[in-house]
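Peer 1: Need coordinates for the following:
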Amino acid sequence: MISAVGGGVTCSWRVIYLSTLLVFNIALSSCDSSVSAGSPQATVTPQTGSIKIKILNPKIKTAIVRVVGTTQTDSLDQDVLALSYCADNQYISVWALGYSIEIIDCNGSPVFEYSVELKALDVTDHLDYNLSGANVCRDCHSDVQGRTEYLEWNKDGHSRVFADPYFWTMYMGMDIYRNPEGPGFRLDNPGENGNCANCHAPAAVNALRQGMDLSTWNNNLPGSPINVETEGVTCDVCHKVMDVLLGNDLLPFVDHPGVSSLSFARPYPDQLLYTGPLADHKPENPQIITTCSPVFSESKFCAACHYGKFFDTVIYNSYGEWLVSPYSQKENPNYRSCQDCHMLSPEQIGQTLPSERDACSKANLNFRDFNHNMMKYGPDPDSPSQEIPLLVRDAATINIGAIKEEGKIKVKVIVENTGAGHKFPTDSPLRHLILVVEARDENDTPLAQVEGPVIPAWGGDGNQLEDYAGRPGVIYANVLKDKDTNISPTAAYWNPTVPAWPGSDTRLIPGQPVRSDYSFVAPSKGDTIVTARLIYRYAFIDIIRQKGWPLKDVPVISADSIVP
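Peer 2: This next block holds a predicted model:
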């Protein structure tokens with residue numbers, strides 16, 4: 001079968017596996033003291049001479065060997081695996097497609113050839129495997145051990161995609177105080193779990209198939225996980241992935257939403273098997289099986305949950321947007337995978353080649369430590385007590401041109417997405433950008449607008465600071481309407497939806513500047529200060545107030561211009 005959570009399609013896993021060059025290695029999920037590439041090694045006296053590694057498996061045609069913790073590496077590209085030296089207290093890792101990573105203890109004596117037989121992986125996905133909770137990983141992947149993956153993941157939205165009130169209030173049709181308050185999936189579909197868990201609770205999918213009601217966990221949630229199934233995209237989900245099932249258009253199949261597009265290799269219940277991006281790893285526990293999967297550096301890893309089509313309308317599409325952008329072209333010097341931007345390495349990408357950043361690559365010697373805080377949640381530089389997704393800051397630029405002419409202050413504002421490899425904002429159509437344009441005289445008095453667009457009612461119609469409706473500016477959003485009720489903007493994307501009007505998707509496309517023009521009454525004397533601010537808002541203000549969610553506007557960028 002295609003995966004533990006996929007259904008209805010059968011296929012030979014081994015064919016898929018071997019044809020896509022997939023296997024795996026330890027990363028976030030392994031809980032053991034280990035030595036991996038980049039780890040400090042004991043001071044040793046190196047052997048001299050050429051060290052050869054002989055693989056006893058006759059069918060293996062390509063492999064990677066490395067002295068663990070060093071840059072010494074070679075691949076089986078000319079039928080020979082050779083290293084310069086291998087000293088006492090060092091280790092050689094050997095990895096090949098379809099096999100687990102094997103470790104050879106280096107011998108202090110002048111041994112010039114080592115033989116190894118690699119173990120073929122069992123690529124069967126065992127449905128009775130019980131996923132481990134993140135607390136198991138925390139024991140070895142926290143700052144106590146000098147590893148920060150758990151803390152990074154815990155800050156990241158992937159750890160909260162189920163327990164966060166933003167999800168469960170929309171799922172259940174209630175506000176944060178548990179009062180009935182639509183919209184809600186379960187209000188429209190009583191007794192149905194839906195496909196939401198395929199992305200928001202992937203660890204729960206097997207339990208759901210056995211009849212568990214997802215709403216029972218929502219009703220018990222205080223806004224934090226209560227078990228591994230409610231940990232969102234938890235460690236042991238990603239680090240069991242082998243591949244992603246895509247169509248000829250490189251997009252997931254509509255009838256395989258979320259993790260039903262992923263190929264897993266969950267082991268027997270008593271086995272320890274972990275996948276990741278490194279082809280060299282030495283776990284201290286010999287019972288742990290590790291292997292490397294190229295998918296860990298490929299954007300298609302993200303496609304399963306970052307492309308979603310409901311009925312005939314694409315709702316979530318950051319992967320599809322990236323796919324049609326210049327960033328997806330490997331021949332482009334500015335090529336960036338999703339991981340390049342969202343799992344930042346301490347190394348600067350600069351003009352490095354994709355092969356230098358690829359998982360399971362002989363050429364990758366430096367990009368081996370990846371931040372699991374994928375939107376870089378951290379203190380707002382302007383308000384350190386607030387944590388915001390820092391990748392949103394400065395993701396766009398603003399340029400202002402302003403002149404005084406014919407008794408008016410004429411303003412040209414150009415906004416451009418310069419920092420995101422997909423539309424900005426992306427995925428949930430609730431997310432939008434608000435461009436606010438202001439002109440003030442030397443006494444800081446607002447000047448009256450006489451021409452140009454104004455912010456629509458769904459930018460906030462009221463007297464609060466966050467209410468921008470009627471002010472000079474525009475909103476960049478993907479505005480949809482309910483096909484049956486004509487409610488717009490709609491938040492009930494589980495119902496049939498269509499664009500609210502032709503061209504209602506006005507979000508910023510990478511590298512394409514968008515212009516808007518305004519005119520204000522010129523002051524009788526003194527300078528005019530024109531300001532343009534771009535604000536990121538994660539949901540429309542009406543539903544934020546309806547559900548009781550906190551307002552978390554993020555200032556993206558601002559620009560000023562002085563007109564004499």
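Peer 1: all contacts plus neighbour counts: C-alpha atoms, from now on.
Peer 2: Noted.
Peer 1: Dump the C-alpha coordinates for stretch 277-293 into PDB.
Peer 2: Taking C-alpha atoms only, stretch 277-293 is exported to PDB below (Å, rounded to 0.1, in the frame of the first residue of the first chain):
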ATOM      1  CA  PRO A 277      19.400  14.200   5.800                       C
ATOM      2  CA  LEU A 278      22.900  12.900   6.800                       C
ATOM      3  CA  ALA A 279      24.700  10.000   5.100                       C
ATOM      4  CA  ASP A 280      27.000   9.600   8.100                       C
ATOM      5  CA  HIS A 281      26.000   9.000  11.600                       C
ATOM      6  CA  LYS A 282      27.100   6.800  14.500                       C
ATOM      7  CA  PRO A 283      24.500   6.100  17.200                       C
ATOM      8  CA  GLU A 284      25.800   4.900  20.500                       C
ATOM      9  CA  ASN A 285      23.000   2.400  20.800                       C
ATOM     10  CA  PRO A 286      23.800  -0.400  18.300                       C
ATOM     11  CA  GLN A 287      20.100  -1.300  18.100                       C
ATOM     12  CA  ILE A 288      19.300   2.000  16.300                       C
ATOM     13  CA  ILE A 289      19.000   1.800  12.600                       C
ATOM     14  CA  THR A 290      19.700   5.000  10.700                       C
ATOM     15  CA  THR A 291      19.700   5.900   7.000                       C
ATOM     16  CA  CYS A 292      19.600   8.900   4.700                       C
ATOM     17  CA  SER A 293      16.800  10.200   2.500                       C
END
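Peer 1: Please enumerate the helices of the chain.
Peer 2: Taking DSSP state H as the test, the helices found in the chain are 13-19, 134-138, 149-155, 165-172, 185-188, 197-200, 205-209, 214-220, 235-238, 300-303, 318-323, 338-342, 354-357, 541-547.
Peer 1: Please tabulate those in TSV and include mean pLDDT, distance to Asn332 and mean neighbour count as additional columns.
Peer 2: Formatted as TSV, these follow (pLDDT from 0 to 100; distance: least, C-alpha to C-alpha, whole Å; neighbours: other C-alpha atoms under 10 Å):
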stretch	mean pLDDT	distance to Asn332	mean neighbour count
helix 13-19	33	26	14
helix 134-138	88	37	18
helix 149-155	94	30	20
helix 165-172	94	37	23
helix 185-188	95	42	18
helix 197-200	95	31	23
helix 205-209	88	39	16
helix 214-220	84	44	16
helix 235-238	93	28	23
helix 300-303	97	18	24
helix 318-323	98	13	23
helix 338-342	97	14	19
helix 354-357	95	10	18
helix 541-547	97	39	17
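Peer 1: now those helices in a markdown table, with distance to Ala559?
Peer 2: Formatted as a markdown table, the helices of the chain follow (distance: least, C-alpha to C-alpha, whole Å):
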| stretch | distance to Ala559 |
| --- | --- |
| helix 13-19 | 51 |
| helix 134-138 | 43 |
| helix 149-155 | 31 |
| helix 165-172 | 32 |
| helix 185-188 | 41 |
| helix 197-200 | 38 |
| helix 205-209 | 47 |
| helix 214-220 | 43 |
| helix 235-238 | 41 |
| helix 300-303 | 34 |
| helix 318-323 | 27 |
| helix 338-342 | 25 |
| helix 354-357 | 35 |
| helix 541-547 | 24 |
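Peer 1: Can you say which of these is nearest to Ser50?
Peer 2: helix 354-357 (25.3 Å; C-alpha to C-alpha).
Peer 1: export that closest one as CSV, just CAs?
Peer 2: C-alpha atoms of helix 354-357 as CSV (Å, rounded to 0.1, in the frame of the first residue of the first chain):
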residue,chain,number,x,y,z
PRO,A,354,22.4,22.9,-4.7
SER,A,355,24.5,19.8,-4.4
GLU,A,356,26.4,21.4,-1.5
ARG,A,357,23.1,21.7,0.4
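Peer 1: Which residue ranges make up the domains of the chain?
Peer 2: 13-23+124-303, 34-116, 392-563 (automatic domain parsing).
Peer 1: Which of those domains sits closest to Cys338?
Peer 2: Evaluated over the domains of the chain, closeness to Cys338 peaks at domain 13-23+124-303, with 5.1 Å, by C-alpha to C-alpha.
Peer 1: That closest one: how far from the chain's middle?
Peer 2: 13 Å (C-alpha atoms, centre = their mean, to the nearest Å).
Peer 1: Number of residues surrounding Leu390?
Peer 2: Neighbours of Leu390 under the rule other C-alpha atoms under 10 Å: 18.
Peer 1: Next up, the contacts around it.
Peer 2: Neighbouring residues of Leu390 by C-alpha atoms under 8 Å, 6 or more residues apart in numbering: Met375, Lys376, Tyr377, Gly378, Asp380.
Peer 1: neighbour-wise, which of those leads?
Peer 2: Compared across these, Lys376 has the highest neighbour count, 22 neighbours, by other C-alpha under 10 Å.
Peer 1: where exactly do the strands run in the stretch 201-350 of the chain?
Peer 2: For the stretch 201-350 of the chain, the strands defined by DSSP state E, counting those that start in this stretch cover 241-244, 262-264, 272-276, 281-283, 288-292, 308-310, 313-316.
Peer 1: Cys137 and Phe167: what is the separation?
Peer 2: Cys137 sits 25 Å away from Phe167, going by C-alpha to C-alpha, to the nearest Å.
Peer 1: ok, back up a step: return the member of the domains of the chain having the minimum mean pLDDT.
Peer 2: When these are compared on mean pLDDT, domain 34-116 scores lowest, with a mean of 78.
Peer 1: still on that earlier bit, identify whichever of the helices of the chain lies nearest to Gly98.
Peer 2: Each of the helices of the chain has some distance to Gly98 by C-alpha to C-alpha; the shortest is helix 13-19, at 6.7 Å.
Peer 1: need the domains of the chain in CSV with distance to Trp322, can you?
Peer 2: As requested, the domains of the chain are exported to CSV (distance: least, C-alpha to C-alpha, whole Å):
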stretch, distance to Trp322
domain 13-23+124-303, 9
domain 34-116, 28
domain 392-563, 5
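Peer 1: Quick one: closest of these to Asp358.
Peer 2: Ranking the domains of the chain by proximity to Asp358 (C-alpha to C-alpha) places domain 13-23+124-303 first, at 5.5 Å.
Peer 1: Show me the strands in the stretch 51-200 of the chain, by range?
Peer 2: 51-55, 63-67, 73-75, 81-83, 91-96, 102-105, 113-116.
Peer 1: quick one, which of those is packed in tightest?
Peer 2: Stretch with highest mean neighbour count among those: strand 91-96 (a mean of 26; mean count of other C-alpha atoms under 10 Å).
Peer 1: Okay, angle between it and strand 51-55 too, please.
Peer 2: 40 degrees (axes from the mean of the first three to the mean of the last three C-alpha atoms, to 10 degrees).
Peer 1: outside of strand 91-96, which residues touch it?
Peer 2: With contact meaning C-alpha under 8 Å, 6+ apart, strand 91-96 is reached by 60, 62-68, 86, 101-106, 118, 279-282, 291-292.
Peer 1: try 6 Å
Peer 2: With C-alpha atoms under 6 Å, 6 or more residues apart in numbering as the contact definition, strand 91-96 has outside contacts at 63-68, 101-106, 279-280.
Peer 1: now that strand against strand 63-67, angle please.
Peer 2: Interaxial angle, strand 91-96 versus strand 63-67 (the same axes, to 10 degrees): 170 degrees.
Peer 1: Distance from strand 91-96 to the middle of the chain?
Peer 2: When C-alpha coordinates are averaged (C-alpha atoms, centre = their mean), strand 91-96 and its chain have centres 30 Å apart.
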